[in-house]
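Participant: structure for the following, please:
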Amino acid sequence: MIEFLKKQKLQFYVLLGIILLGAFLRFYNYPFRYSLGEETIRDAVIGIEGARQLQFPLTGSFSSLGPFTFGPWYAYQLIIFYLIVPFVYSPWIYLSIISVLYIFIMYKIGKILGGQNFGLIVSFIAAISPAQIISATHLTSHNNTNFFAALSIWIFLVLLTKNKSKWWNLLLGFIIGVGMNLHFQMGGLLILPFALLIYKKRFLNFIHSGLGIGISFIPMLIFEMNNHWFTTRNIFFYLTEGKNAIYVPNRWLFYVRDFWPAFWSDALGVPVWLGNVIIILFIISLIWLGWKRKLSRNLVLLILAFLFNFILLRYYWGPRFFGYLNFLRPFVFIFTALAIVNLKYKKVYVGLILLPLIIFFSYPRTLSELKKDPYSMWIHNGVNELEKKYPNNKFALYTCSTKYNSYYNGSAFSILLL
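Facilitator: Numbers count the residues shown, from 1 in each chain. Below you'll find the predicted structure:
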């Protein structure tokens, strides 16, 4: 009993160390690492002014694909957090905080799938991931999906392993719905309630999940009913006509050979060749677990959910931008951890060599992300110069006509915010 308590205490301190490391990597050099620019300033101002005026929009920002908008839940989060912490950097701070919470949720996911040690490995990989560190400082709606993707997977696994009330199913649907409001590509996680329905055969729980999704879309529905179904019509137009304006090479060969190793490597911050090695080792460990009949029910259903998204993404005709696919990163972290813990020879964990390799190769990219952002520093220095030369003065800021300048007004917006 004493040994067990000692072990539990050690694991707690290791987890605490991992979370503190993740917090350091996300908050170091704050606030000069926070990205400034036209879109990020727009989002920050929506949160700040929404809080000041107590106004909650019914829709979100426009998609880059076509003339339709996302939902308003991204703005709601920024507004509510600014009401709690009324500070000009509140939107960025909120994004960094939920990025740290993401690490803890990944631990909880790993703990359900393979115990505490497995959870610690998964959370450590998420903590040092350069892609996750970048997501914590760049204020965009798709970076906000990280948290809701991990939360959806954790609730899904909880519902698989425990007999929870209908409210948990409602919560699962609501969290997935909020994530879809942030970026529609997170709709791939709709497979989770379907997987629960097929496995547990509880139709009423499935209905509650659907109700949760519906609740998350109420603001958008009100917007649509009062604006001639603007987003609905334009999404339909994009699906039938607009998508033909973009051509993206879309062979299975390119998808399997090029895209997934590059995406996997980007999530871990390692070279593509190492990403290929980790994918191969994960597949080998999966075959070994299947051969030994050690594949747990939870892991099988999670792999099937991933395979659904794997096939779905193959038939997506637009450009596959890594930042828009944040909802798939939890699978990368989990599967990488599986390769680490399941590759062993004569009770020696050979897979553990992957951890120092990941740390070694991701370190330069992580280090570059800890530096002060040159553009943000330029804006800060400019504002400081104005304050020194003209203390206590007010300014009206003008930009050049678009006839002589580009349409990008990021510097003007950033100066105005500061």
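
Participant: all strands for this protein, in order.
Facilitator: 344-345, 348-349 (DSSP state E).

Participant: quick one: Leu189 and Ala150 touch, right?
Facilitator: No. The pair Leu189 / Ala150 is not scored as a contact, 10.5 Å apart, by CB atoms under 8 Å. For glycine as for every other residue, the C-beta is placed from the backbone atoms N, C-alpha and C.

Participant: where in the stretch 201-350 of the chain is pLDDT low?
Facilitator: 345-350 (pLDDT under 70).

Participant: where do the helices sit along it?
Facilitator: Counting by DSSP state H, counting those that start in this stretch, the stretch 201-350 of the chain has these helices, from start to end: 203-216, 218-226, 230-240, 252-254, 260-268, 272-291, 297-314, 329-342.

Participant: quick one: residues contacting the residue most central in space within the chain.
Facilitator: Residue closest to the average C-alpha location in the chain (CA atoms, centre = their mean): Asn146, at 1.8 Å. By CB atoms under 8 Å, 6 or more residues apart in numbering, the contact set of Asn146 is Ile98, Ser99, Tyr102, Gln132, Ser135, Asn326, Phe327, Arg329.

Participant: which one of those residues sits closest to Asp373?
Facilitator: Ser135 (14.7 Å; CB to CB).

Participant: mind checking pLDDT for Phe4?
Facilitator: You'll see Phe4 listed with a pLDDT of 53.

Participant: can you check the one 4 residues further on too?
Facilitator: Per-residue confidence at Gln8 stands at 77 (pLDDT).

Participant: sorry, back to before: would you mind finding the most buried of the helices of the stretch 201-350 of the chain?
Facilitator: Ranked by mean neighbour count under mean count of other CB atoms under 10 Å, these are led by helix 329-342, which reaches a mean of 24.

Participant: relative to helix 260-268, how tilted is that one?
Facilitator: On the basis of axes from the mean of the first three to the mean of the last three CA atoms, to 10 degrees, helix 329-342 is oriented at 90 degrees to helix 260-268.

Participant: so Phe395 touches Glu387, yeah?
Facilitator: No. Using CB under 8 Å, Phe395 makes no contact with Glu387, being 10.3 Å away.

Participant: more neighbours: which of the two?
Facilitator: Of the pair Phe395 and Glu387, Glu387 is the one with more neighbours under other CB atoms under 10 Å, namely 12 against 9.

Participant: let me know the distance separating that one from Asn393.
Facilitator: Computed as CB to CB, to the nearest Å, the Glu387 to Asn393 distance reads 9 Å.

Participant: same check, this time on Arg257
Facilitator: In terms of CB to CB, Arg257 sits 60 Å off from Asn393.

Participant: please say which of these two ends up with more neighbours.
Facilitator: Shown here are Arg257 and Asn393; by other CB under 10 Å, Arg257 has more neighbours (12 against 8).
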